[in-house]
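**Q** Build the 3D model from these lines:
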Amino acid sequence: MTSRHRSATAVTALTCGAALLGVVACTGLAAASGSGGEGDLAGESAQQISDNALHELVTAQSLRLRTENTADPTKLDLTLDRAGNCAGTISRGTLGRIDLVKRGDQVWMKPDAAFWKSQLPGSRGTAAADTFKDRYLHGTTDDPFLQQLSRACDLAGFQRQAAVPEHPPAPGATPAPALTKGAPTVQDGTRVLPLTRKNDGATQTLYVAIDGPHYPRKLTAASDHETGTILLSDFGRPVPVKIPAPGVTLDISALNEQMQGT
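**A** Sure thing, here's the model as predicted:
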């Protein structure tokens, strides 16, 4: 890495797994009716259940979002709200991890040593890891680097992406296969009903909570031996308000100084 721009590009790569959100959440297609054990979902078609779950998603004021993709080490674990606040982690396995806190336009980020060493070659990475060890870099979204990083906190953007309808098939084209109900199962202690569509070797499944509000709880997409997963939980829970203490915080300008010094 020779500049903060390269760092920002690397962080953008960390967040790319969130794009799966819109792909899977918009699978509201007609389907056959299901069997028992579905609670009040038993009388609804898969399309109705998918539509209602999508409504719960796009109107949520806050939630926890976790993603992973077997084609990329990127993982997100963020609690975020429609005001743009968030707290959690962005990681790329051995390539490093960033702890992230955002309140309004204020952003704190704490990359680990593996991140700095994967982004800066040789002694430069070691020096950055030592300089910023256990420290948060703090600034506002006016800073291009922090602005790029904090895009992962955009719940409203995720919701807009999820709400975009799928393109209808062209005239004369074969309609997409119907979404079908599966057998009720349990995900993270919550009873869920899977809704699945298979098309051209790809499988998309939306798991909807059976009891209480019918939130979408898990979304998966599998194709060519690769799988992407999104877990959704903690709907309506506030983002944690704790921010890093001044004693463990450095101004983002310290990153500029580090880059100029190297």
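**Q** Tell me which stretches of this protein form strands.
**A** 62-69, 72-81, 86-91, 97-103, 106-111, 136-140, 180-181, 185-187, 190-199, 202-209, 216-223, 226-233, 249-251 (DSSP state E).
**Q** Put together TSV for those strands, with mean pLDDT and distance to residue 41 on each row.
**A** Backbone N, C-alpha and C define where each C-beta goes, glycine included. Shown next, in TSV, are the strands of the chain (pLDDT from 0 to 100; distance: least, C-beta to C-beta, whole Å):
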stretch	mean pLDDT	distance to residue 41
strand 62-69	95	20
strand 72-81	94	27
strand 86-91	96	30
strand 97-103	96	36
strand 106-111	96	40
strand 136-140	96	44
strand 180-181	94	8
strand 185-187	95	13
strand 190-199	94	6
strand 202-209	95	7
strand 216-223	94	13
strand 226-233	95	17
strand 249-251	95	47
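**Q** and of the ones you listed, who's closest to residue 119?
**A** For residue 119, the closest of the strands of the chain is strand 106-111, at 8.3 Å, according to C-beta to C-beta.
**Q** which other helices and strands contact that closest one?
**A** Strand 106-111 is packed against strand 97-103, strand 136-140, helix 144-149, with contacts defined by 3 or more C-beta pairs under 8 Å, 6 or more residues apart in numbering; DSSP states H and E.
**Q** what comes up buried for that strand?
**A** Going by neighbour count (16 or more other C-beta atoms under 10 Å), the buried part of strand 106-111 is 107, 108, 109, 110, 111.
**Q** wait, isn't the second one in contact with residue 250?
**A** Okay, so that is residue 108. No. Judged on C-beta atoms under 8 Å, residue 108 makes no contact with residue 250 at a distance of 9.9 Å.
**Q** residues shared between the contacts of the two?
**A** Residues within reach of residue 108 and of residue 250 at once, by C-beta atoms under 8 Å, 6 or more residues apart in numbering, are 136, 137, 138.
**Q** Thanks a lot, see you next time.
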